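S.K.: Show me the folded form of this:
(chains A and B)
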Number of protein chains: 2
Amino acid sequence: MEIEYADRIKGLKASAIREILKFTADPSVISFAAGNPAPEAFPVKEIAEITADIFANDPIAALQYSVTEGYPALRTRLKKFVREHYHIGNESDDLIIMSGAQQGIELSCKVLCNEGDVVICEVPSFVGSLNSFKSFNARLVGVPVENGGMNLEKLEMALKENPRTKLIYVIPNFQNPSGTCMSLEKRKGLYDLAKKYGVMILEDNPYGDLRFDGEDIPSIKSFDEDGIVIYCGSFSKILAPGLRVGYLVADHDFLQKVVVGKQAADVHTNILAQMICERFLANYDMETHLANLKQIYKKKCGLMLSCIEQQFNPAVKHTVPEGGLFIWCTLPDGVDMMKFCSDAVQKKVAVVPGVAFMPYEDYASQSFRMNFSTPPDEQIIKGVEILGRMTKAL
Amino acid sequence: MEIEYADRIKGLKASAIREILKFTADPSVISFAAGNPAPEAFPVKEIAEITADIFANDPIAALQYSVTEGYPALRTRLKKFVREHYHIGNESDDLIIMSGAQQGIELSCKVLCNEGDVVICEVPSFVGSLNSFKSFNARLVGVPVENGGMNLEKLEMALKENPRTKLIYVIPNFQNPSGTCMSLEKRKGLYDLAKKYGVMILEDNPYGDLRFDGEDIPSIKSFDEDGIVIYCGSFSKILAPGLRVGYLVADHDFLQKVVVGKQAADVHTNILAQMICERFLANYDMETHLANLKQIYKKKCGLMLSCIEQQFNPAVKHTVPEGGLFIWCTLPDGVDMMKFCSDAVQKKVAVVPGVAFMPYEDYASQSFRMNFSTPPDEQIIKGVEILGRMTKAL
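M.R.: This next block holds a predicted model:
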């Protein structure tokens, strides 16, 4: 039988970059294409201790059905964490646990957007989120990211032109893929525009605790007095992505709708993983752990940057991130970016072509994304050397 | 700001039964309202051993990002398991891991149904699945379950009347909530009708391995030569629901679409939980474990049945399940079922009113569901005694 799929899924096509990314399974390929934490960043000993303790003292709680909103003790600890780290803690807000930030993003769209409603996103932006929005037949409208974040004039134009806009999706800290941070001024301007046009903001902050240079910038959620900001956090980059534990902080009534959606999606998040996160926050020093992560990533980022500066053709521009996991490189006009990325993978180095981060495939890009957190140092050195030779031959 | 929610979520209202169910949080209430495995059914020692071994020998794999399709070793073991237990193993099929069966059900609908498409379901049926379908604005059409399963004449009428039907959702083994099994004849008739009308079948089988009486009946998937059956399995009732590990077996191309949906939903299922399931299948005797579970549930079911037979007014009918977790009781015509359930909770016994399992709230029901797996034996005895007095006073 020929299966007739839903329209929302027909729109999610396998993209051209899959052809490049599939080469990263080849162990002889140096991959700068991932977004994985460094293996040495995982507190293995601590998580092993916590897990042994859970099975010794509270095994049934870790194995039985649990509540959709999330493990109560973890929700309490996280409320304290976001208050201390991001000054988030409005009385009308609540916090619920998600199966990774990805679920928080997907369900926010499911709860808010009818088919054909508009989500405004940064260009470039995180492809996983863009696919979530598309999977509900939301229409994406892109606004370019500049140094210091979204172009607010273009954002207002987009809001005027698209009265069906429901959501503005932003990654203000060490944006994936561009690595840039949104300035405080732009955060405030964005908030004011969202309020003026009556739309919600989805503030995705997976990398905010990985700042290794410069000063923290207040979260958009920290000045949300109107209940219009949905804040999305995650343990993936600060503890372990395999646990799939994220969370949403937002208006209480909005989160009640998300809970209804989550009940229908996966009942609740794996409870052992939630208990591991809770015990880590309760019994170990998260601040020392984060300081250690920042040191690891500062070193790896510094290594990749110094290699780039030594090896790359100076006509290739690159960002100098103050945190996060990515460097964003831009080839000179006239160079065929997709061919460059294809050639690189032939030479056994994988990077992600910029078109992968565009809301639709017809957006052009001269850029590619490089990840410094996953590869070992010797691969960073060797891989950048190979790319460097390619840039000099352009 | 007044938030304008998506239509699909507006339709998911908190139902009248929540008022009853919220009393089950009160520890003085005997709850026959849950669907949880018995605490003594969890192989705590084995899971603790497995987890310690994973963190000793393979910690990074358990903490790092993984692939959307699921842990490859678990997929291989499960293919063997469903072949041995259910004669499932068509060459054009594949098997992927889901974050619980709930996700398999939700994504099957997401991939197949446009808004307004029809899902035909049993009446009564599992409310979690019905809410998943509604959460995509699919239209539910109910077909009554009789002894031996769905009424096939009414099913064919429903198929004729609803040309936009995409999916028939059934729980053939120890159906939740009615506890009945679909006969082999009906399974074959259902398959033929689905084929004739070009619709898919979603076969949900969480309880199939909990048969403690009678003979196994072949799964619908076992005679699927046309790639029209989506088989949904789960570790929730045979290992531990807190792990949130389920799976789909279906046509390879269909599952590729589900994988795209899952990537957008939660990237992948918690990998530690997947490794625990794999190691349990690999290193422990699942058949002995299942035999033990069946013994536990046979005993608890037998206890509840004998209490019901001694205590209940004989005018109250009840099923005699051969497996699963539930007994379905039906009050005489003219009795106010909702009032009976409300009165019961006032007397500190919670059961689930039948209307909770109807596709829409305007379906009437004279029945209520009783769960025998969760409560300790002394609560079964005491709770049925209280309900029994109520039935005699009718």
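S.K.: Go ahead and confirm A:F340 touches A:L331.
M.R.: Yes. Using Cβ atoms under 8 Å, A:F340 makes contact with A:L331 at a distance of 6.1 Å. Using the backbone N, CA and C atoms, a C-beta is placed for each residue, glycine as well.
S.K.: Now list whatever residues contact both of these two.
M.R.: A:F368, A:L394 (Cβ atoms under 8 Å, 6 or more residues apart in numbering or on different chains).
S.K.: which secondary structure elements does the longest helix anywhere in chain A contact?
M.R.: Identified as the longest helix of chain A according to DSSP state H is helix A:286-311. Under the contact definition 3 or more Cβ pairs under 8 Å, 6 or more residues apart in numbering or on different chains; DSSP states H and E, helix A:286-311 sits against strand A:326-330, helix A:377-392.
S.K.: Skip ahead from that helix and say which helix or strand is next.
M.R.: Going down the chain from helix A:286-311, the next helix or strand is strand A:317-318, by DSSP states H and E.
S.K.: what are the pairing partners of that next one, and which direction each?
M.R.: With DSSP bridges as the test, strand A:317-318 is paired with strand A:326-330 (antiparallel).
S.K.: quick one on the thing from earlier: which of the helices and strands packed on helix A:286-311 sits most buried?
M.R.: Comparing these on average neighbours per residue, with mean count of other Cβ atoms under 10 Å in any protein chain shown, the densest one is strand A:326-330 at a mean of 22.
S.K.: From the contact counts, what lies against the following helix or strand past that one?
M.R.: The helix or strand immediately downstream of strand A:326-330 is helix A:337-346, counting by DSSP H and E. Helix A:337-346 sits against helix A:17-21, strand A:352-353, strand A:367-371, helix A:377-392, with contacts defined as 3+ Cβ pairs under 8 Å, 6+ apart.
S.K.: Nearest to chain B, out of the ones you listed?
M.R.: helix A:17-21 (11.1 Å; Cβ to the nearest Cβ).
S.K.: quick check: angle from the longest helix of chain A to strand A:367-371?
M.R.: Here helix A:286-311 runs at an angle of 130 degrees relative to strand A:367-371 (axes from the mean of the first three to the mean of the last three Cα atoms, to 10 degrees).
S.K.: Give me the buried stretch members for helix A:286-311, please.
M.R.: A:286, A:289-290, A:293-294, A:296-298, A:300-301, A:303-305, A:307-308, A:311 (16 or more other Cβ atoms under 10 Å in any protein chain shown).
S.K.: any idea of the mean pLDDT for it?
M.R.: When pLDDT is averaged along helix A:286-311, the result is 97.
S.K.: ok, so what distance separates A:F136 from A:A6?
M.R.: Distance, A:F136 to A:A6, using Cβ to Cβ, to the nearest Å: 10 Å.
S.K.: now swap in A:L78 and tell me
M.R.: 35 Å.
S.K.: and what of A:V249?
M.R.: 31 Å.
S.K.: Spatially nearest residue to A:Y86 (excluding sequence neighbours)?
M.R.: Nearest residue to A:Y86 in three dimensions, chain neighbours excluded: A:S219, at 4.3 Å (Cβ to Cβ, 6 or more residues apart in numbering or on different chains).
S.K.: List the contacts of the one you found.
M.R.: A:S219 neighbours (Cβ under 8 Å, 6+ apart): A:Y86, A:H87, A:I88, A:P172, A:R187, A:E203, A:N205, A:G208, A:Y231.
S.K.: So which of A:V249 and A:A6 has more stuff around it?
M.R.: A:V249 (28 against 22; other Cβ atoms under 10 Å in any protein chain shown).
S.K.: mean confidence score for the helix or strand containing that one?
M.R.: Assessed by DSSP H and E, A:V249 sits inside strand A:246-251. In this model, strand A:246-251 carries a mean pLDDT of 98.
S.K.: same check, this time on stretch A:9-29
M.R.: pLDDT averaged over stretch A:9-29 gives 72.
S.K.: Could you do stretch A:34-52 as well?
M.R.: For stretch A:34-52, the mean confidence score works out to 95.
S.K.: Three-state assignment for A:I201, please.
M.R.: Put simply, A:I201 is strand when judged by DSSP: H, G, I helix; E, B strand; the rest coil.
S.K.: wait, isn't it in contact with A:A194?
M.R.: Yes. Using Cβ under 8 Å, A:I201 makes contact with A:A194 at a distance of 4.9 Å.
S.K.: Pull up the overlap in contacts between those two.
M.R.: With Cβ under 8 Å, 6+ apart, A:I201 and A:A194 have common neighbours A:I168, A:I228, A:V229.
S.K.: Among those, the buried ones, what's the PyMOL command?
M.R.: In PyMOL syntax, the buried subset of those is picked out as below (16+ other Cβ under 10 Å):
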select buried, chain A and resi 168+228+229
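S.K.: What about the shared contacts of A:I201 and A:A194, which are in strands?
M.R.: Members of the shared contacts of A:I201 and A:A194 lying in strands (criterion: DSSP state E): A:I168, A:V229.
S.K.: With respect to A:T391, which of the shared contacts of A:I201 and A:A194 is nearest?
M.R.: A:I168 (35.1 Å; Cβ to Cβ).
S.K.: what's that closest one in contact with, if anything?
M.R.: Counted by Cβ under 8 Å, 6+ apart, A:I168 has contacts A:V119, A:I120, A:C121, A:L155, A:L190, A:A194, A:V199, A:M200, A:I201, A:L202.
S.K.: what sits against the second one?
M.R.: I take that to be A:I120. Per Cβ under 8 Å, 6+ apart, neighbours of A:I120: A:140-143, A:155, A:158-159, A:162, A:165, A:167-169, A:199.
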